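Colleague: take this sequence and fold it.
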Amino acid sequence: MTTTPSEGVSLGMPQLPAPDYPDDVRARLEADAREIIARYPDSRSALLPLLHLVQSEEGHVTRTGMHFCADMLDLTTAEVTAVATFYTMYRRKPSGDYQVGVCTNTLCAVMGGDAIFEALQDHLGVGNGETTDDGKVTLEHIECNAACDFAPVVMVNWEFFDNQTVDSAKRLVDDLRAGEQVTPTRGAPLCTFKDTARMLAGFPDERAGAVEAGGSAGPASLVGLRLAKGEAAPARVVHPRGGWTPQDQPPAEHLSSHEAPQETSASDPSHPAGPVAEEGE
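Modeller: Residues are numbered from 1 along each chain as shown. Sure thing, here's the model as predicted:
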């Protein structure tokens, strides 16, 4: 049986070629692309940063952007598409100014990440990978952020917001939508997703003081580094099954950030965040 387009069924016609960028945009992107390509002995190696470059233009990787990458690197669009669809940092549809990612991997999940993600879906009225009507926030659950000692962790445009709760995460997204200044727990000041994509393409962050802004892993994450440097590890005492006896040594100080609270981001001054320690201290 055959159907007609009026019945909502595609007849399988081939997709039209992607439109090109306007001349002025194309010229600007070509100059940036040539700078990126010059960093690599094999031009094909520049594909990942070029995808970030075109993502910085439109907020996601469009067919036009993939065609541009293929043209600059003498690749087929199929080769570019295979890479763009493999890595989750490349968005395939329009997304918000702020990508809010809630870690739902094991430790963050059991510390409250699952509850935070479910609460934010209800609070924002969106599902996973969806964007609020005002175009401000795209919500997604993400895998490990390598910040387990600050669990549960929320990331906004890849900047850390540590030790979150349901209430603090709601305040965070409300502040983002309201245009309030939001300060990550550690790392560089927050910027839009397009600006972040340009930095991931390899271009410097030109905001005053942004490069100097820092932060590092917490004490628990730095234990391995201290051991590698030959520094003595703190004593660790395991509780016997039957409980402590008077001659037992008291337990060593726990290194989790949860037991050494400091202030967190400006959006949640009442909720403690983990300590910020310089690497190697």
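
Colleague: CA atoms only for stretch 85-93, dumped as PDB, please.
Modeller: Output in PDB follows, covering the C-alpha atoms of stretch 85-93 (Å, rounded to 0.1, in the frame of the first residue of the first chain):
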ATOM      1  CA  THR A  85      27.300  12.000  16.800                       C
ATOM      2  CA  PHE A  86      29.800  10.000  18.900                       C
ATOM      3  CA  TYR A  87      30.700  12.600  21.400                       C
ATOM      4  CA  THR A  88      28.000  13.900  23.800                       C
ATOM      5  CA  MET A  89      29.600  17.300  24.100                       C
ATOM      6  CA  TYR A  90      28.400  18.100  20.600                       C
ATOM      7  CA  ARG A  91      24.800  19.200  20.600                       C
ATOM      8  CA  ARG A  92      22.700  18.100  17.600                       C
ATOM      9  CA  LYS A  93      19.700  20.400  18.300                       C
END
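
Colleague: chain center to that stretch: distance?
Modeller: 12 Å (C-alpha atoms, centre = their mean, to the nearest Å).

Colleague: what do you get for stretch 188-200?
Modeller: Using C-alpha atoms, centre = their mean, the offset of stretch 188-200 from its chain centre is 10 Å.

Colleague: now that stretch: average pLDDT?
Modeller: What stretch 188-200 shows for mean pLDDT is 90.

Colleague: list the contacts of that stretch.
Modeller: With contact meaning C-beta atoms under 8 Å, 6 or more residues apart in numbering, stretch 188-200 is reached by 49, 52-53, 55-57, 59, 89, 95-99, 138, 156-159, 182-184, 205, 207, 209-211, 213. (C-beta placed from N, C-alpha, C; glycine too.)

Colleague: switch the cut-off to 6 Å
Modeller: Stretch 188-200 is contacted by residues 52, 55-56, 59, 97, 99, 157, 159, 182, 184, 205, 210, 213 when judged by C-beta atoms under 6 Å, 6 or more residues apart in numbering.

Colleague: quick one: buried ones out of those?
Modeller: The neighbour-count test (16 or more other C-beta atoms under 10 Å) applied to those identifies His52, Gln55, Ser56, Gly59, Asp97, Gln99, Asn157, Glu159, Val182, Pro184, Asp205 as buried.
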